[in-house]
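Enquirer: Provided below are the primary sequence and the corresponding predicted coordinates.
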Amino acid sequence: MVYSVSGLRLPCVPSVYRFSQSSFNGARRSSSFSLLLKKDQFSRKIFAQKSSYDSDSSSLTVTASEKVFVSGGQGDGSSSMTDQLESLSTISDDIQVIHEVDSEEMEDNEKVEVEEQESIPSALANNDEEARAKEPSVPLQRKVSTEKSEAKPRSIPPPGAGQKIYEIDPTLLGFREHIDYRYAQYKRMREEIDKYEGGLEVFSRGYEKLGFTRSETGITYREWAPGAKSAALIGDFNNWNPNADIMNRNEFGVWEIFLPNNADGSPPIPHGSRVKIRMETPSGIKDSIPAWIKFSVQAPGEIPYNGIYYDPPEEAYLVEKYVFKHSQPKRPKSLRIYESHVGMSSMEPIINTYVNFRDDVLPRIKRLGYNAVQIMAIQEHSYYASFGYHVTNFFAPSSRFGTPDDLKSLIDRAHELGLLVFMDIVHSHASNNVLDGLNMFDGTDAHYFHLGSKGHHWMWDSRLFNYGSWEVLRFLLSNARWWLEEYKFDGFRFDGVTSMMYSHHGLQVAFTGNYNEYFGYATDIDAVVYLMLVNDMIHGLYPEAVTIGEDVSGMPTFCLPVQDGGVGFDYRLHMAIADKWIELLKKRDEDWKMGDIIHTLTNRRWLEKCVAYAESHDQALVGDKTLAFWLMDKDMYEFMALDRPSTPLIDRGIALHKMIRLITMGLGGEGYLNFMGNEFGHPEWIDFPRGDQRLPNGSVIPGNNYSYDKCRRRFDLGDADYLRYRGMQEFDQAMQHLEAKYGFMTSEHQYISRKNEGDRMIVFERGNLVFVFNFHWNNSYFDYRVGCLKQGKYKIVLDSDDPLFGGFNRLNHNAEYFSTDGWYDDRPCSLLVYAPSRTAVVYALVDDESKPVGKSEPVENFKTVEEAEPVEESESLDS
């Protein structure tokens, strides 16, 4: 019995495996499972021996000698990295003891005294056998795409002084004890990694040692599972015989086995074989998917996933192995991000594929004027309705959408189009799935996670990483690097960072901006240090890569360089903006306050960049409403056709939908994000296929009969020239191209000259553009004077009232507007304009005869504005 996934032909596996009573070197079946290869039978000699498990040399738990604002350090049984580095007195005699390191020292040349030999609780220290010392071991799939990238030096700058943040924000001086302690912990971690792992560059390549690695003579498999009493590698290649390939354990809890090549030189595990590790654990016998697995698949009709040994052969005639052809684009000055989900990107009620997304959706994103695509749900997740946020296999791309090589072809095509590709990476928590994921991997509660309640997120029903664990750091740092190195992602959107940085996870807490909320006992120092390390690693090895953090707290220093004392992100998601728009849409128009809108949009920290958005995937989920649905509600079902009369609710909704998005882009940050489909006001909500859910109290939450009807994107609505959705899509496209031409989001010049509550007017300058918003529901203003900085001739370059955008054509785009001298609204010049009700109009200072975006220049042709673009957009790294 077989099943297929994206061209892979896979046999089904029995759901229950039994220990064989036969000898461990019994017959093995190497031909039972293979991807795109001929099934040949080989024999090989088996090198395996039973391991001796020392139950006394288990995990380390010590008390931290420093207690300066360190949260949650007691009582959960989890050993923090601070603890491990300060005292190792409880280790077995087989492990050398490191003297306590003084956490107060800040010297770059700090020395750590070691007894007899240098050692650290590192699972991979001196781990290779002498017999294989000369064999080059390579991680599966790690292939360099171009000669240039191979020649680039890889180095991470040493830690700086970490003091510049006090010059940027003197208020931080009042919390210097906490911040200096945080930086000391980061600095010491860098020093210890340098000393015992050869540096952060080497430490972040854990995938070259752990998991499956291939050499010229065979395959090595290593797994960190200190709680296991015995371990064996099982799979199709050995007929799932748990006695065939017994693994050995070292003093750090790493299990290892080497499988030599078959007699004819072929690999001992065929490409595409299903594999698992069987362990005898404190919780009983357990079959687990290897933690570092690169691909996993769920067979139809089965509940558990299976790990897949994924190592496409080198033969040129096989098309499965993808080789990158295009260079990665340079980072643009301003980011215009299209947030997307591959599975729900089809217009049909199905799970879409990487290939279809590559061919159908990427060209759309490019045409719309975005310069980056952010893809959700890449890491494998057993539960589809988790939106990809309950990750089970961190190194494996989701098999629902295709193969790893399909994903590579998608990313390469995006690069060909000049689009950056960001991955929505989840390091804030993990799925509590015991069958498929890391939870209870080695039969213990505190393997990758904190012990007890500290290791469980009560709202998300998921597990929380112990960022103070050496091997957890290796796992997560290597995971981030794997996606950049192997798949050529251009950066990450780190999910749930607020949950990471605080022991309360940001739940039931209202952040007011008081610095005590950020630098106190509720802050998880280990997690913040991890974020500093991962940003250090990413920006040091991949200078063009972008990191965006999802933080709702407003943590100071979040987007300042690590060397200066910051956390190191490039951007923070400006999450308060979307919440503010939902809050306003629940009110009458008469109750909107212009000053309130301005304050929310501009309330961000100096020198810390933000990605603004009016709505993201959060607002599109079932149980919430998109902006379009808040604005137009049920009228969207009957009155969006142009051959039918509109309604006041539709007219208001379309007008405000455009205004909200433009003012968010205009004032909200240095980057902009839109979730796919929202550019044209996608109707209804997102509802993943699900069945009825029965709660412990007996009540039932109705499902949707596993329907995909609400789990897709109706792009045809935005493309239909007979529907009003088209106008909103055209406006969003024009808005993106306007920013591409003028680069106003990253202009140093920004001035808000008017926020009039009576007129409901907002006027501001950004770059050489003047934005005029009239939020009044009824009043239009003739000869309305607006201030401006520069004198000269102005013309309309974007008009939300253009009929192309579903407007009422109340403005003449051929009109010219000449400024007059004289101070007005604290500006040295001013001009008179017509401001129709519920419109947004952008005026540009005319140095040449640039054409406006609107009626006189259809958006389909407006893509040519980039010819006169004064802003540097994405370029090839080779240029």
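Expert: Perfect, I can see it now. Numbering: from 1, shown residues only.
Enquirer: Show me where the stretch 751-879 of the chain has its helices.
Expert: 859-862 (DSSP state H, counting those that start in this stretch).
Enquirer: pLDDT weak spots in it?
Expert: 848-879 (pLDDT under 70).
Enquirer: Run through the strands of it in chain order.
Expert: For the stretch 751-879 of the chain, the strands defined by DSSP state E, counting those that start in this stretch occupy 761-766, 769-774, 781-788, 793-799, 817-818, 820-824, 827-835, 839-845.
Enquirer: can you check the stretch 501-650 of the chain too?
Expert: Under DSSP E, counting those that start in this stretch, the stretch 501-650 of the chain gives strands at 546-549, 571-574, 610-612.
Enquirer: can you put those strands in TSV and add mean pLDDT?
Expert: As requested, the strands of the stretch 501-650 of the chain are arranged in TSV below (pLDDT from 0 to 100):
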stretch	mean pLDDT
strand 546-549	98
strand 571-574	96
strand 610-612	97
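Enquirer: Can you redo those as TSV, where the extra columns are mean neighbour count?
Expert: All C-beta atoms are positioned from the backbone trio N, CA, C, and that covers glycine. Shown next, in TSV, are the strands of the stretch 501-650 of the chain (neighbours: other C-beta atoms under 10 Å):
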stretch	mean neighbour count
strand 546-549	26
strand 571-574	26
strand 610-612	26
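Enquirer: For residue 482, find the nearest of those.
Expert: strand 546-549 (15.5 Å; C-beta to C-beta).
Enquirer: quick revisit: got JSON lines for the strands of the stretch 751-879 of the chain, with distance to residue 434 and mean neighbour count too?
Expert: Formatted as JSON lines, the strands of the stretch 751-879 of the chain follow (distance: least, C-beta to C-beta, whole Å; neighbours: other C-beta atoms under 10 Å):
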{"stretch": "strand 761-766", "distance to residue 434": "52", "mean neighbour count": "23"}
{"stretch": "strand 769-774", "distance to residue 434": "53", "mean neighbour count": "25"}
{"stretch": "strand 781-788", "distance to residue 434": "62", "mean neighbour count": "18"}
{"stretch": "strand 793-799", "distance to residue 434": "54", "mean neighbour count": "23"}
{"stretch": "strand 817-818", "distance to residue 434": "67", "mean neighbour count": "15"}
{"stretch": "strand 820-824", "distance to residue 434": "67", "mean neighbour count": "12"}
{"stretch": "strand 827-835", "distance to residue 434": "61", "mean neighbour count": "19"}
{"stretch": "strand 839-845", "distance to residue 434": "52", "mean neighbour count": "24"}
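Enquirer: Is it possible to get JSON lines of these that adds distance to residue 744?
Expert: Formatted as JSON lines, those follow (distance: least, C-beta to C-beta, whole Å):
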{"stretch": "strand 761-766", "distance to residue 744": "4"}
{"stretch": "strand 769-774", "distance to residue 744": "5"}
{"stretch": "strand 781-788", "distance to residue 744": "14"}
{"stretch": "strand 793-799", "distance to residue 744": "11"}
{"stretch": "strand 817-818", "distance to residue 744": "18"}
{"stretch": "strand 820-824", "distance to residue 744": "22"}
{"stretch": "strand 827-835", "distance to residue 744": "17"}
{"stretch": "strand 839-845", "distance to residue 744": "9"}
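Enquirer: what would the strands of the stretch 501-650 of the chain look like in JSON lines with distance to residue 501?
Expert: Below are the strands of the stretch 501-650 of the chain laid out as JSON lines (distance: least, C-beta to C-beta, whole Å):
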{"stretch": "strand 546-549", "distance to residue 501": "9"}
{"stretch": "strand 571-574", "distance to residue 501": "12"}
{"stretch": "strand 610-612", "distance to residue 501": "17"}
